[in-house]
Each structure stands twice: as structure tokens, then as C-alpha cells.
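# just a sequence and a predicted model for now, questions to come.
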Amino acid sequence: MEKMKDIMKEKLLEIKEIALKNIEEVKSLEEFEQLRVKFLGKKGELTKVLRDMGKLIAEERPIVGQIANEIRDELENAIAEVGEKLNDELKRSKMNKEKLDITINTNEEIYGHRHPLLATVEELEDLFISMGFSVVIGPEIETVENNFDALNSPENHPSRDMSDTFYITEDILLRTHTSPVQIRAMKEMGAPLRIVSAGRTFRFDDVDDTHSPMFHQLEGLVVDENISMANLIHTLDIFIKELFGPDMKTRYRPHHFPFTEPSAEVDVTCLKCRGKGCEACNYTGWSMELLGCGMVHPKVLEYCGIDSEKYTGFAFGMGIDRITMVKYGIDDIRLLFENDSRFLEQF
Amino acid sequence: MLLPVKWLKDYVEIDKDARQLADGLTLSGSHVESIEGLNKGIEDVFIGQILDIDKHPNADKLLVCTLDMGNEHLQIVTGATNLKKYDFVPVAKIGSKLPGDIKIEKTNFRGIDSFGMLCSLKELGYDDSVIPRDMRDGIFVLDKKYPLGTSIVEILDLDNEVIEFEITPNRPDCLSIIGMARETAATFNTVLNEPEIVIENEADQISDYLDSIEAPSDNCNRYYARVIKDVKIEPSPLWMQTRLMEAGVRPINNIVDITNFVMLEYGAPLHAFDLDTLEGKKIIVRQANDGEKIMTLDGEERILDSSNLVIADEKKPVAIAGVMGGFNTEITNSTRYVLIEGANFNEKSVRLTSKKLSLRTEASTRFEKGLDPNLCQISADRVCQLIEAIGAGVVIKGSTDVYKNPKKEKTVTLRPERARKVLGVEICPEDMVNYLNGLGIKSEIKGHLIESLIPTFRLDIEREIDLIEEVGRIYGFHNIQSKPLIGVLTRGEKPYGRRIEDRAKNVLQGLGLNEVMTYSFISPKVYNKINIPEDSDLRKYIKLLNPLGEDYSVMRTTLMANMLELLSRNYSRGVENCYAYEIGNIFVAKELPLKKLPQERKVLSIGMYGEKDFYFLKEAINTVLKRLGISSVEYSKEEDNPSFHPGRTAKLTIEGEYLGVVGEVHLDVAENYDLKDRVYIAQIDFDKIVHLANTEIKYKPLPKYPALLRDLALVVKDDLLVGDIEKLILSHGFGLIEKIELFDVYTGSQIPEGMKSLAFSLTYRTPNRTLRDAEVNEIQDAIVKDLEESLGAKLRS
């Protein structure tokens, strides 16, 4: 009986030796797989030997079992190691062979483009929202009352002429600025108030490279107790630096608008020459008339039912077409309305 | 407003140069358009005297002149015809320079050498519009003797600049040299010296020459007249002519030039009549009679009506008040007696007359803006003073003045505290008073207040805020220290509709569509181009009263035409693929003509041509809708939309409500826009989308149990709609069908004519258990049976 135990032990060791030798010689995944089945599979060599375990006496079984398990572990480890190595080699050789010509362009545009002007509008609105302003909107077709009368525009003011303003009836027109939205907002919401409003505006201008009968404005309004010109300047300075860069300088020039008093126009450092003076800025270093602003005229507040002694306010407005053009260096306003894909796809 | 700097300095003590003046005045509110030197490039042009003029031996039209330059004699050939012996003329010698980078060289004219050039005013840099008429075509012949060899720059005072200002409409008083001098004095805190008006010798009495002035019309605020006798009409002195030309006015003769000179000085237009031509020695300011005629100074006959104010004598109108004088009473070389008119007319009346007659003049533009009636007397007297000073005539004693409601200075009170509050800056009352006095607004501190007497030329100052503005601009807005906004913290937000719009735009952008922007007004002709029937509601558009031409004459009721137009433009420019969208307003009138404001409705318009097709567009819309939480949209055939392809167009509805249309453009319409590719358009009611949108998202648990997949390949009639088949399939699903996907459509060999093969993949799943094969098979069988029976489909093996 002792013989049986020794025979099995010898067989096991023999299997181990052959297996380890074979494993060392494995070249391909197929060979590797065959080898794994041959030695470790359900019908493999090792299993075959262990089937004879029944022939052993009870005391011997654990001894042989232990040897068998040790050998199995050893073989499994060896096989796993080789398997890993083979896999690794295979991956590497695959990656060495596989190549894409990454210079090929399929020219497939994946993303659409926002219109530069409308994107600018959104950018400006977001900026003012972050400063506590709410966006409001008003209609493109307005009453003469909201567009002119309520804004203290003199009855004979040339801007009311048919050579300046598009009329639909005597009392209804295409708004010439976004300021009527101020009137609507003040009438509806009263004071205090912080709003911006952007949109389409219309004036009787023939199309050329700087004019269009339809253009765009953005208007802002703050009404509260103790609002001053100093607050206006602070707010617009922040806005201009945010839009054009922190090194921008501003210049507030007294001007005249019927709906603000005092009124000012704002010049900004010329973006082309950064203030050094160039042809674009007429050698002044300033981009002229980028914004109009001022303290809301007491008559306008009173018209909207707001106590002009208690409350003061400031308002500002700007041509967004012009701002977009300055920002992107666009030299012809017509490009904004032509919608040529080759233009739009630059933004 | 052109401001010659040297002229300005006649009235204000200041030693700043043009640039410094321009910068300072800009910051106090007078916007500078440009600064230009008067010398546009003249170098070494001197006065010479013509000693001899000979005919050119070889050319009929040329003359050979000998010039005495003081230190040398020059032979110069010229083609001018206005020269005579001993005239003084400007001479450019060899090496001299003229405006336009012209350098004079020795030239040979048909065998005769010319050692220079005699100059015209144009060659010296003057604009045609200001050169006196008799000098337009010839050499500039000087009015008198000058030392030979004097520089022409010195004689014409060209070492001088002109600043051009853009004056805002509220400040007509600044459209004058004295007005700008006053601004300059206030800005630079210096002294204004207005001319002192003194007439040395006055003769006779005005009543000897003028019987009366009647001005019954309310449109005449004031009529002030003076008379001059023994008038000698001749050119005005060169100094006056150069001032006028610098300010953009053409010299005519001494009397007219003086009235223009004073108009530029004070800002109020004046007129001079030949008194002998006024019948009845009377001036009557009245409304014209309907059909009354007058020939104006420009030689045009004008037909008037009762809305026009005229100056008339006993028999006829002699001027259109505030617009233009009459031809028959014009100052001519034989004029002996002159009536100087200093008048003030209602600005509205002048404006309407000027507009009605399409006649805009320097005078009318000034009157339209409103003028101080107190200037009438000052400026007419100033004219008399200058006439006397240059010896153009003898001033008659006295004046006739009709001035019904004399304009008086009024008092406005300013609270210094209020000024500080509005400007946000500490300015002491004493400084405020100084600023105001500098502007000619007599002010003094009274207790806590400042009382200001508003001069009558400041028509714009009515109340306290107007004075605050004056204080602010002289203090300088640029000197105001900025301060952050204070007050209750507010949250800035966008209206809901705009947020939905932004979200939709982001999705559309992600789908590869470009955002476009088109005009709100269109041509009514486009409705034919897009096949809209005559009786369609779309043709109930709002018309502009005064469009810029037909192309921009009606407010759009559809965005389709704008879209087709831009697609067409891209197409014609060779853009291969164009995918575009716009969210814009259409304008819907409740009634026409408009009584109330119309409805403005937002429409999402998508248009495209190129590689992508109908299904891309449909999916794009679905994606937008899905991202906005709208899922129950249905597509049904739209066969009778006249703008679209009858077989390739769908109507979108949600629970029966119309949402829009998507499809291929009708081939006629595409042709109307020269589009030869297939063109796809969608028009969606965006207001409805905003209304239906639901951006709240609720999480659904992920499936715990596996799905069962089944394929279904069918052969059906070609015109059978996939949507109908899918509806039928779903009706058998007992809620177990999670998804139906059409993965193949095939027609061609092996499929009978008029039929098509469709392959669907069905996903079955239920959330609370694993489905059994048998139950799914049972459903599949029922589906197939129904498909065969109701739709005539055949299962394809």
C-alpha cells in the first residue's frame, strides 16, 4: 500500500515537471489554452491522477492531497503568469501595428454657431444679471406715447419725423430705441427697479456699411433712493471692463438726451490702437459714443407715477450692433444681417 | 458748427491751442467732430504784381505774364482770363508747394518757359462751396495793394485752425461764435468779451423811410428793423471774407456778408431787403394766401398756402419768413437803401414751411431749433455797426420794433444739497455759483439755496435739474469719483420665456444649426414667392406708412420668406451645406388698419439644404421638444400647404392643437428662390412651446429585469405609414413594449412593385419581473395577425 502512495506522489511530480517545461515553451494563445486544459482542465492530467485517490488509505489521502494541491497552485500560478505575459505581448504588438492617419479631416461640423450679435446680447444680459439686474422685454411695435411722449421728447423733435422714424399709424410706430421698455417697466413695477432690456430697434436709415434700418440696443435702468451719477459711472465702468478688458478707460462727456438729465456719452479706449491713436479713432485714442447714459429726467419718473423727489435713477443705452462690430473687428454692419454661413461659422 | 479758433479768440481771453480747446470743450459737453488746419499744405506762396500780360505766340488761350515779386521778376504762363495789368496775385514759384502735395516745377508751354504758377482760391485749398462766385473760375486777385513778397498764408490768415462741433439740439445758442466763446470762458474759467455795439453817426429818422411794420400773425414773435442809406455795394473786406469762408459761408457782397457774419457771431439769422423794391414802404408779416406765389432768391418760383408765414409789402410777399428771401427784393449792385430785418418766428411754423416747400436753408435750420427773440435787436444793431465801420452805408437813426410778448429772464432755484445728491459728488455752493455765472447764468447764494436768473438765450433751462446738469458738466463728469451701487440686494433674472428660448438655442446649436437674424419687415411680394393664396390670413400684414422701399414695407407674418432668402443667398454664393435657425417675431394684427398694438408672436424657423434630409430636421425638432420636456407631439400628413411639397410635409400637433409644420419646400417655391437643391423648412409656434415646456425632470428607476428583443420584418403597401403600423403594434403590447425601432426600409428586387419591406426591432420589458418567452411570443403572434388582417402586411421570413 505504501507503494501506491509513492507512485502517485511520483506521478504528480512528473506532471508538474512536464507542465512547467511545457509552460515555458508556450508561444501562442491557442497553445496556452490547450496546455491549461491538458493539465488543469476537468479531464486534465492532474485530475486523472487524483481520481485514484480512492485507492489510498485514509491516513495517506491528506498527505497526497496536500501535495496535489500545492502542485495545482504552483501550476495555476505559472499558467496565469504566462497568460498575462502573452496577453500583454499581444496588446503591444496590436498597438504597434494599428495606426490612424490623424491628419485626415472629415470636415464634419459637429456644433452650430450662435449669431455673434445675439451671443453678445446674451453675454451682456448675463453680466447685468450678475449685477442684480433683471431682463425685461418689450414689443417691437410701440405707441408714440411710450416711444416719445413719455420720454420727454419735444413735440417738434426731428427724431419724430417720418424721415427718421417708421410709422404704422399716427400713434403707432416701430420703436426707435429700447427706452420705451423703461416706461413699461416703471409703470408696471414702480420703484425701486433694476432692469436691462435688449432688442430690435428701427430708424429710417438707408443700408450702408455702418447703418441698417433695423439695429439693436441694450438699455439699462436703475431707480432707487439715493442713486447718483457716481453710481452710474461705477456700474458702466465695471461693465465696460468686463466686456472689453480690464485695461479699458472710459470718458464721460456731457451730452443731451430728452429723457435723461444730466446726460452723457461714453467713449471707451480705442480697441484697435488701445488708446495710442490710429485712423479708426481719428487719432483721439477713443472709440466714440459707445454708450449714452444719464440720470433719469424727473419728468420721466413723474410720468410713470414715481416720486421724483424721493427717487432718482440712471439709465444707459448702447447700440449692440456697434459693440459687436467693435468687439470682433467687423467692418460692415451688413454682414450681421446677411447670414452668410461662412461668416456665422467664425463665431 | 465750424469754429475758427482765431475768431473765437476775438471774444474770449485764452491762450490754449486748438487741441487743448477741443479737449476741454469736449469734456464740458461740446462734442468735437474734427480739428482742421486752414493751411492745407501751402509753402512759399507769395504776393506778386502783374507787370505785363502778353499773348502766347503759339497758343490762343494762354497768356504770358511778368510778375514782380519784389526781389525778382518771374515769367509765368497762365490760362486765366480774369487778370489785368497791375493786379496783385498769389504766386507759387519753382519749389513752392500747394495743397494736395503739389510741388511747382519749371514747365514749358508750347515753347515758352513758365517759372511758377498763379493760384486760384481752390488751388490754395478752399472748397468750391465757399469761393466767391466771381472768383470760381479764375486766379485769386487780391482786393488791394500788399507788400510784394508777403506770404499768402499771412494775408489769408491761414495759420489757423477750425474746430468742427456737433451741437446737440437743446443748445441752439452754441451754434454761434459768441455762444461757443461763452462755453469756452466757462470751461476754462476765463473772461468773455462780447462786442460792444456802438454806432457813431446816425442820420435822419427811420420814419422817413419806413411807414410801419404790421405783424398780426402769432407765428411772428418779434420783428425788428433798421434802415441804411447811401449804400455802396462792393465786396466785403478780405478779413471778413476769410472769416466767412473759414466758417463755411460763401462771401457775396458787403451787405449780405455782414448779415451772415453777424448771424455766425450771434446765431440769429438776419435778412437785408432792397428798400426801394418794397411797395408802400411797409412790412407786413402775415400768413400767405392759398396759391400766392413768390420767386425766392434761388430763382425758383414757390407756390404758397395759408400755413406759410411770409414777409410782405403792401402788394406782394417779399420773403418766406425764416426760410428764404424773395428774388425781387434782393440786394443788387444798384441797391441804395437797405432794410435790415432782425426777426424771430415760431419754430414750428418755420419747420413745417421748410418741409412743405422742401427748402432747407441755414436760416430755417436755425429758426427750427428755437432762438432767443432778444437777439433780434442786438444782432441787427451789430449789423449797422459793421456797415458803418467798413463804410458800406449810413445808418438811419431809430428802429421799428414789433415785440408783443417780450421774453424775460426767469428765476430758477437750485438746492445745492440736491445737486450733490444727483451728481454723487461734494461741490460747495460757492463753486456752483461760479460755474453758473461763468455760463452767463447770474446766480447767487440765498440762505441754503442758489437763485439763478436764466438768460433768455438759454431756452433749455426750465427747472432745477437743468441747473444741476450745468453744474455737473462744468465740474466735469470725468472728475466725478465713481461709487458702487447701494440699496436692497436684488436677484437678477430672465423671464421664463427667454430661459426656454436660451435652452432651445443651446440644443439647436448642439445639433449643428447656425443661428441667423433677419429683418422684421419684408416685401409684400414674398407672399407670392412662397405661394400664399390671396385670401390667406398670412396676407393680413401690417404696412408701414413710410417704408424705406418696398423690400422693407410690411411687418412679417411668417419667417419663411426671410429664411428662404438667406438660404438662397448662401446657395448662390456656393455654400454647400446650410443649416440655419431663427427665433423671431411675427406680427399679427387683430384688425387693420391697426388701432391697438398687434400681437407679437415668437416663431422658431429652421431652414436647410445640403447633405441632411427631412428626417434629420424632424429629429432636430423632436430633440428640441424633448429637451424642453415636450414628448407627446404627433406628426400627420400635411398635403395642402401651398408652400410645401405635398408628399413630404408634416403637420405637428400636440393633443390636437396645431404647433407647426415641417417639410420639404414646394418645388415652385424653391425655384422662385433659385434653389436647386432640396430645401427643408420648419415653422414652429414658439410661444406654444414656451407654454408647453416643462423643464422639471423626475428620475425613473433604471430597469432591474432584462429585456426581451424581437425583430419583425414585414412587406407592406408602399403608401402605408410607419406611424400607423407602430400605433397598431403598441395597441397589442399591454404596456410591455418599451421601444419600437425601425431599422430597415427596403424597396427593390425581391420586393413586389408598390410594396416595401420594413424591419422593426421591438424591446419588451416590464419593471417588476422577468418576462417569459411564451407571453412575449403570444403578443408577437397577435401583432402579426392584426397586421396581416387590418393592414394587409405579410411577414417576411
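Good, I have the coordinates. Numbering: from 1, shown residues only, chains lettered A, B, ... in the order given.

# tell me what the helix or strand where B:Asn108 lies is packed against?
Secondary structure from DSSP states H and E places B:Asn108 in strand B:107-109. Judged by 3 or more Cβ pairs under 8 Å, 6 or more residues apart in numbering or on different chains; DSSP states H and E, the packing partners of strand B:107-109 are strand B:112-114. For the C-beta atoms, the positions are set from N, CA and C on the backbone; glycine is no exception.

# what does the strand it packs on rub up against?
The set of residues external to strand B:112-114 that reach it, using Cβ atoms under 8 Å, 6 or more residues apart in numbering or on different chains, is B:56-58, B:62, B:64, B:75-78, B:106-108.

# ditto for stretch A:37-44
A:15, A:19, A:22, A:45-47, A:72, A:75-76, A:79.

# please name the residues that touch the residue in chain B that chain A sits nearest to.
Here chain B gets closest to chain A at one residue, B:Gly424, 2.7 Å apart by Cβ to the nearest Cβ. Taking Cβ under 8 Å, 6+ apart as the contact definition, B:Gly424 lies against A:228-231, B:480, B:483.

# what's the domain layout of chain B?
B:2-38+B:161-187, B:43-155, B:202-403, B:410-478, B:496-692, B:708-795 (automatic domain parsing).

# likewise chain A?
Using automatic domain parsing, chain A is parsed into the domains A:2-97, A:116-344.

# adding mean pLDDT, write the ones you listed out as TSV.
Putting the domains of chain A into TSV (pLDDT from 0 to 100) gives the following:
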stretch	mean pLDDT
domain A:2-97	84
domain A:116-344	93
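
# out of the ones you listed, deepest packed?
Highest mean neighbour count of the domains of chain A: domain A:116-344, a mean of 20 (counted as mean count of other Cβ atoms under 10 Å in any protein chain shown).

# per-residue confidence at B:Val394?
Model confidence at B:Val394, given as pLDDT, is 96.

# what about the longest helix in chain A?
Assignment by DSSP state H gives helix A:60-97 as the longest helix of chain A.

# check chain B too.
Identified as the longest helix of chain B according to DSSP H is helix B:773-791.

# what's the following helix or strand after that helix?
Criterion used, DSSP H and E; the element after helix B:773-791 is strand B:794-795.

# which residues are contacting that next one?
B:712-716, B:784, B:787-788.

# weed out the non-buried ones from these.
B:712, B:714-716, B:784, B:787 (16 or more other Cβ atoms under 10 Å in any protein chain shown).

# make a markdown table from those and add pLDDT and distance to chain A to it.
A markdown table is the format used below for the buried ones among the contacts of strand B:794-795 (pLDDT from 0 to 100; distance: Cβ to the nearest Cβ, whole Å):
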| residue | pLDDT | distance to chain A |
| --- | --- | --- |
| B:Leu712 | 93 | 33 |
| B:Leu714 | 92 | 34 |
| B:Val715 | 93 | 35 |
| B:Val716 | 93 | 34 |
| B:Val784 | 93 | 40 |
| B:Leu787 | 93 | 39 |
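
# for those residues, which one is nearest B:Ser731?
Nearest to B:Ser731, judged by Cβ to Cβ, of the buried ones among the contacts of strand B:794-795 is B:Leu787 at 11.0 Å.

# now that closest one: how far from B:Asp711?
14 Å (Cβ to Cβ, to the nearest Å).

# what residues does the stretch 551-700 of chain B have near chain A?
B:552, B:555, B:566, B:569-570, B:573, B:575, B:577-581, B:585, B:587, B:593-595, B:597-598, B:600 (Cβ under 8 Å from any Cβ of the partner chain).

# name only those of those residues that count as buried.
Among those, those scoring as buried are B:552, B:555, B:566, B:569-570, B:575, B:578-581, B:585, B:587, B:594, B:597-598, B:600 (criterion: 16+ other Cβ under 10 Å).

# which of those has the weakest pLDDT?
Among those, B:Leu594 has the weakest pLDDT, 91.

# so that one: helix, strand or coil?
Classification of B:Leu594 by DSSP: H, G, I helix; E, B strand; the rest coil places it in coil.

# then B:Ile606?
Applying three-state DSSP: B:Ile606 is strand.

# is it bridged to anything, and to what?
B:Tyr581, B:Ala682 (DSSP bridges).

# quick one, what contacts it?
Contacts of B:Ile606 (Cβ under 8 Å, 6+ apart): B:508, B:513, B:563, B:580-581, B:617, B:620-621, B:662, B:680-682, B:684.

# gap between whatever residue of the stretch 1-150 of chain A ends up closest to chain B and A:Thr120?
Closest contact between the stretch 1-150 of chain A and chain B, by Cβ to the nearest Cβ, is at A:Ile129 (3.5 Å). Going from A:Ile129 to A:Thr120 by Cβ to Cβ gives 15 Å.

# check B:Tyr673 too.
From B:Tyr673 over to A:Thr120 (counting by Cβ to Cβ), the distance is 30 Å.

# re the thing from before, for the contacts of strand B:794-795, work out which two are farthest apart.
B:Ala713 and B:Glu788 (13.3 Å).

# tell me the residues of the stretch 101-250 of chain B that contact chain A?
B:168-171.

# picking up where we left off before, buried residues in the strand holding B:Asn108?
Here strand B:107-109 shows B:Phe109 as buried, counting by 16+ other Cβ under 10 Å.

# backbone phi and psi for residue 50, please?
No chain was given, so I picked chain A. With angles defined as degrees, to the nearest 10, A:Leu50 sits at phi -70, psi -20.

# chain B, not that one
Dihedral angles (degrees, to the nearest 10) for B:Ile50: phi -80, psi 120.

# ok, now which ones touch residue 45?
Defaulting to chain A. Here A:Glu45 is in contact with A:15, A:19, A:38-39 (Cβ under 8 Å, 6+ apart).

# nope, chain B please
B:Val45 neighbours (Cβ under 8 Å, 6+ apart): B:90-92, B:96, B:98, B:119, B:124, B:151-153.

# burial count for B:His448?
9 (other Cβ atoms under 10 Å in any protein chain shown).

# no no, B:Lys282
15.

# could you find the closest non-adjacent residue to residue 296?
Picked chain A for this. Taking Cβ to Cβ, 6 or more residues apart in numbering or on different chains as the measure, A:Val296 lies nearest to A:Gly313, with 3.9 Å between them; neighbours along the chain are not counted.

# that's the wrong chain, I wanted chain B
B:Met324 (4.6 Å).
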